[in-house]
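[1] my questions concern the predicted model and sequence given below.
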Amino acid sequence: MKSLYGIVLIICLLTSCKPPKTVITDFEFVTTETKDTIKLVNDELEYEVIIIEVGFEAWMARRARPRTFYSQPFLETRNIQYVTEWNNRVVSSRFNHDLYEMPINYQQGIDYGFEVNYLLYHYFVFFQEKFKQKLSSHNPQF
């Protein structure tokens, strides 16, 4: 149930955000981590991502490659694939609606910034491993 709460919270935050459709290159993120809670805030773009998932912080420390390993276009491409499949599962009766309750409003062409894409990508990878789901044919780079 805690996992479901974390997923719903992430989805709610992403769907409620309405970032501008322009590319912003000069901004700062405030990241705080407390007991498996990662909060990413960017006041300039008017959104906030909070990941509350038991084990995610430890998983990130153990499995995630350094930020310099990835490019933003790579992360954006993977996130579009994952979000598309996630949203398909939300409306499909074939999948567990406890895992896929709400669609994610992540749009191609909007610059969400590197940090959001990095954490979202890793959350999808974590989600797939933890719940034994496969959101794409892509095998994550670790």
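    Received the coordinates, thanks.
[2] burial check on residue 120, number of neighbours?
    The burial metric for residue 120, expressed as a neighbour count using other CB atoms under 10 Å, is 24. Heads up, the C-betas are built off the backbone N, CA and C, glycines and all.
[3] residues of the helix or strand containing it that come out buried?
    Under DSSP states H and E, the secondary-structure element containing residue 120 is helix 114-131. Neighbour-count burial for helix 114-131 flags 115-128 (criterion: 16 or more other CB atoms under 10 Å).
[4] what helices or strands is that helix leaning on?
    With contacts taken as 3 or more CB pairs under 8 Å, 6 or more residues apart in numbering; DSSP states H and E, helix 114-131 sits against helix 2-16, strand 37-42, strand 47-52, helix 56-63, helix 72-91.
[5] 6 Å instead, please
    Where contact means 3 or more CB pairs under 6 Å, 6 or more residues apart in numbering; DSSP states H and E, helix 114-131 is packed against helix 72-91.
[6] what residues does the helix it packs on touch?
    Contacts with helix 72-91, where a contact means CB atoms under 6 Å, 6 or more residues apart in numbering, come from 95, 100, 103-104, 106, 108, 114, 117-118, 120-121, 124, 135-136.
[7] nearest to residue 51 among these?
    Proximity to residue 51 was ranked across the contacts of helix 72-91 by CB to CB; first place goes to residue 120, at 8.8 Å.
[8] and the nearest residue to that closest one once chain neighbours are set aside, how many neighbours does it have?
    Excluding its sequence neighbours, the residue lying closest to residue 120 (CB to CB, 6 or more residues apart in numbering) is residue 79, at 5.3 Å. Each residue near residue 79 was counted by other CB under 10 Å, and the total is 22.
[9] coming back round to it: TSV for the buried residues of helix 114-131, including distance to residue 63 and pLDDT?
    Shown next, in TSV, are the buried residues of helix 114-131 (distance: CB to CB, whole Å; pLDDT from 0 to 100):
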residue	distance to residue 63	pLDDT
115	17	89
116	19	89
117	17	91
118	13	93
119	13	90
120	15	92
121	12	93
122	8	93
123	12	92
124	13	94
125	8	93
126	8	93
127	13	93
128	12	93
